[in-house]
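Student: sharing a model that was predicted from the sequence below.
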Amino acid sequence: MTGRLKSLAPLGMTLVELIIVVAVIGILLTVAVPGYRTYMLRVHRTEAVRMLLQASMCQERIHARLGNYDTSQCRFTSGQQQYQLSYSSANEQGQTYLAIATPNGAQLADACGRLSLDQNGNRSVSGPDMDSLKCWNGR
């Protein structure tokens, strides 16, 4: 026989190899997806904190100019609508305000819940995780 021998090595993957690859991908997703969701909750909460701080700065500029707070002059929106941002005024003389960020949609899963900031810079949360420092610092 002077002809060449054909290689008998299999081409492609066996069923066992395919099952192992699918199992490894499944394990990686099991670890990665919850971490990603937690990360996204923190990102959206940080965006809400930024918007509340912007609202506070706007109110302080108005107070410096007019001598009182006017919640009708500062409007702000959350880009992805993960939080509903609103104002509350405690008195009619315009001496106080409370900026509130209420979670919507997927953000309802965030343990920090509703964030609020008043005219004195007092920061608060109203969710299962009542650690205001952690919630406001993006942890």
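Tutor: Everything's here; your move. Residues are numbered from 1 along each chain as shown.

Student: how about residue 82, what does it touch?
Tutor: By Cβ atoms under 8 Å, 6 or more residues apart in numbering, residue 82 lies in contact with 44, 47, 48, 103, 104, 105, 106, 107. Yep, even glycine has a C-beta here, placed from its N, CA and C like the rest.

Student: also residue 48?
Tutor: Applying Cβ under 8 Å, 6+ apart, the residues contacting residue 48 are 78, 82, 83, 85, 101, 103, 115.

Student: name the residues that touch stretch 57-68?
Tutor: Counting by Cβ under 8 Å, 6+ apart, 69, 70, 71, 73, 74, 76, 93, 94, 95, 97, 99, 119 sit against stretch 57-68.

Student: give the buried residues for it.
Tutor: 58, 59, 62, 63 (16 or more other Cβ atoms under 10 Å).

Student: I'd like those residues laid out as JSON lines, including secondary structure and pLDDT.
Tutor: Listed next are these as JSON lines, based on DSSP: H, G, I helix; E, B strand; the rest coil; pLDDT from 0 to 100:
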{"residue": "58", "secondary structure": "helix", "pLDDT": "91"}
{"residue": "59", "secondary structure": "helix", "pLDDT": "89"}
{"residue": "62", "secondary structure": "helix", "pLDDT": "89"}
{"residue": "63", "secondary structure": "helix", "pLDDT": "89"}
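
Student: now the contacts of residue 82: which count as buried?
Tutor: Here, 16+ other Cβ under 10 Å leaves 44, 47, 48, 103, 107 buried among these.

Student: please pull out the lowest mean pLDDT helix or strand from the protein.
Tutor: helix 132-136 (a mean of 78; mean pLDDT, DSSP states H and E).

Student: same for that one, what does it pack against?
Tutor: strand 123-126 (3 or more Cβ pairs under 8 Å, 6 or more residues apart in numbering; DSSP states H and E).
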